[in-house]
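My questions concern the predicted model and sequence given below.
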Amino acid sequence: MECNKEEGIKAKEIAEKKFMANDIMGAKKFALKAQTLYPSLEGISKMISTLDIYISAENKISGVVDWYGILGVDPQADDETIRKQYRKLALMLHPDKNKSIGADDAFKLILDAWNLLSNKAQRLAYDKERNKAKMSQKVPNNTNEASPSSSSAAATTTTNPPENTTGAGHRHHSSNPSTFWTVCHWCKIENEYFRCYVDCNMLCSNCYQQFLAVETVEHM
């Protein structure tokens, strides 16, 4: 296991370099590799959680920041659910407890999300802006030829993610009306997301590429 530990440390160091180069998805890839090589590597799980916040922040809806995605809550979530999720992330990401690279700004992002979503008037105004952005988002005629966004992010997914998605892989029948299934046009893997992300640019949890999440017909 010691050889794995050394490899894990190297992968973590590469992840930090990728982050400094603003390659967030590259950083996430190597952080996950480090965790796989040596699960007990100090700070690796917190590093992954930190990177997930950055990924969610870049996963915008027609240029509008997805504050729900940053906190990892459904847009229909009630005030108490949002409060609990914020407290959970705040404890995990507070710079006093999380020494991962980028933790300071990740904490500021969830604080900004909480400040907005906990204010009823601001949340209402934001919901209108967000819904307008979703309506204005254009859907390509051929999703297989859709190009990824110019954003530097490329998901959400789910490993320690903000819970924007419930996973990727073979589809199972689900009666949950709040989610939908879509296929990544890069790797052809199916992903399940909250329904509020229909026709949004999402990040595949398998190949980490960004794609347009067009709803597909569910198997029975």
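Alright, I've got the coordinates.

Report the secondary structure state of residue 182.
What DSSP: H, G, I helix; E, B strand; the rest coil gives for residue 182 is strand.

where do the strands sit along the protein?
For the chain, strands defined by DSSP state E occupy the ranges 165-168, 179-183, 190-194, 201-203, 210-212.

residues making contact with the second one?
Looking back up the chat, that one is strand 179-183. Residues outside strand 179-183 that contact it (CB atoms under 8 Å, 6 or more residues apart in numbering): 166, 171, 189-195, 198, 202, 211, 213-216, 218. Where C-beta positions appear, they are placed from N, C-alpha and C, glycine not excepted.

Write a PyMOL command that selects only the buried members of those residues.
PyMOL command restricting the contacts of strand 179-183 to the buried ones, with burial defined by 16 or more other CB atoms under 10 Å:
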select buried, resi 166+190+191+192+193+194+198+202+211+213+214
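
The strands of the chain: lowest mean pLDDT?
In terms of average pLDDT, strand 165-168 trails the rest of those, at a mean of 46.

Below-threshold pLDDT in the chain: ranges please.
1-2, 137-177, 201, 205, 207-210, 217-220 (pLDDT under 70).

Tell me where the longest helix sits in it.
The single longest helix within the chain, with elements called by DSSP state H, is helix 2-20.

tell me how far that helix is from the chain's mean position?
22 Å (CA atoms, centre = their mean, to the nearest Å).

what's it packed up against?
Counting contacts by 3 or more CB pairs under 8 Å, 6 or more residues apart in numbering; DSSP states H and E, helix 2-20 packs against helix 24-37, helix 44-58.

Any chance you could list what contacts it?
In contact with helix 2-20 (CB under 8 Å, 6+ apart) are residues 24, 26-31, 33-35, 37-38, 41, 44, 47, 51, 101-102.

and if you look at stretch 37-50?
1, 4-5, 7-9, 11-12, 15, 28, 31-32, 34-35, 89, 92-93, 97-103, 106, 159-160.

What residues of it count as buried?
37-38, 41, 43-50.

From the chain's centroid, how far away is it?
On CA atoms, centre = their mean, the centre of stretch 37-50 falls 17 Å from that of its chain.

end to end, how far does it reach?
19 Å (CA to CA, to the nearest Å).

cool, and stretch 15-25?
9 Å.

Flag every buried residue along that stretch.
15-16, 18-19, 23-25.

and residue 99, what does it touch?
Here residue 99 is in contact with 43, 46 (CB under 8 Å, 6+ apart).

Look up how far residue 32 lies from it.
19 Å (CB to CB, to the nearest Å).

With residue 105 instead?
21 Å.

export the buried residues of stretch 15-25 to a markdown table and tack on distance to residue 184?
Compiled in a markdown table, the buried residues of stretch 15-25 are given as follows (distance: CB to CB, whole Å):
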| residue | distance to residue 184 |
| --- | --- |
| 15 | 23 |
| 16 | 27 |
| 18 | 22 |
| 19 | 24 |
| 23 | 20 |
| 24 | 18 |
| 25 | 14 |
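
Most widely separated two among the residues you listed?
16 and 25 (14.3 Å; CB to CB).

Any chance of JSON lines for the strands of the chain, columns distance to residue 85?
Shown next, in JSON lines, are those (distance: least, CB to CB, whole Å):
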{"stretch": "strand 165-168", "distance to residue 85": "16"}
{"stretch": "strand 179-183", "distance to residue 85": "18"}
{"stretch": "strand 190-194", "distance to residue 85": "14"}
{"stretch": "strand 201-203", "distance to residue 85": "20"}
{"stretch": "strand 210-212", "distance to residue 85": "24"}
